[in-house]
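S.K.: Predicted structure and sequence below. I'll ask about it afterward.
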Amino acid sequence: MNDFPLNNCLSEKRKAAGLTQAELGRLTGVTRKTINTIENSVFVPSTVLALKIAGALSCKVENIFQLSD
């Protein structure tokens, strides 16, 4: 169960960009495992990392991450 009030569609956005978890990790300076834990809502990224991810995917942070109700 997700204990964080943050939803994300990172997996969908990453796949649409044609990137693997490892490739996105390299672009953002983190490991594949970090990308995996974000996609599975195990880990909430810092603001800096969220901005790096959005930049790598050429979209806005709010297009990837949303507060849950």
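M.R.: Received, thanks.

S.K.: Spell out the residue ranges of the helices in this protein.
M.R.: For the chain, applying DSSP state H gives helices covering 10-16, 21-28, 32-39, 47-56.

S.K.: Can you give the contact residues for the last one?
M.R.: Read it as helix 47-56. Contact with helix 47-56 is made by 10, 17, 19, 24, 27-30, 38, 45, 60-61, 63-65, as judged by CB atoms under 8 Å, 6 or more residues apart in numbering. In this view, the C-beta of every residue, glycine as well, is placed from N, C-alpha and C.

S.K.: go on, the shortest one?
M.R.: Counting by CB under 8 Å, 6+ apart, helix 10-16 makes contact with Thr20, Gln21, Leu24, Ile35, Ile38, Glu39, Ile53, Leu57, Cys59, Asn63, Ile64, Phe65, all of which sit outside it.

S.K.: ok, and the closest non-adjacent residue to Ala17?
M.R.: Leu57 (5.3 Å; CB to CB, 6 or more residues apart in numbering).

S.K.: per-residue confidence at the residue nearest to Val30 when sequence neighbours are not counted?
M.R.: Spatial nearest neighbour of Val30, chain neighbours left out: Leu49 (6.7 Å); criterion: CB to CB, 6+ apart. At Leu49, the model reports a pLDDT of 98.
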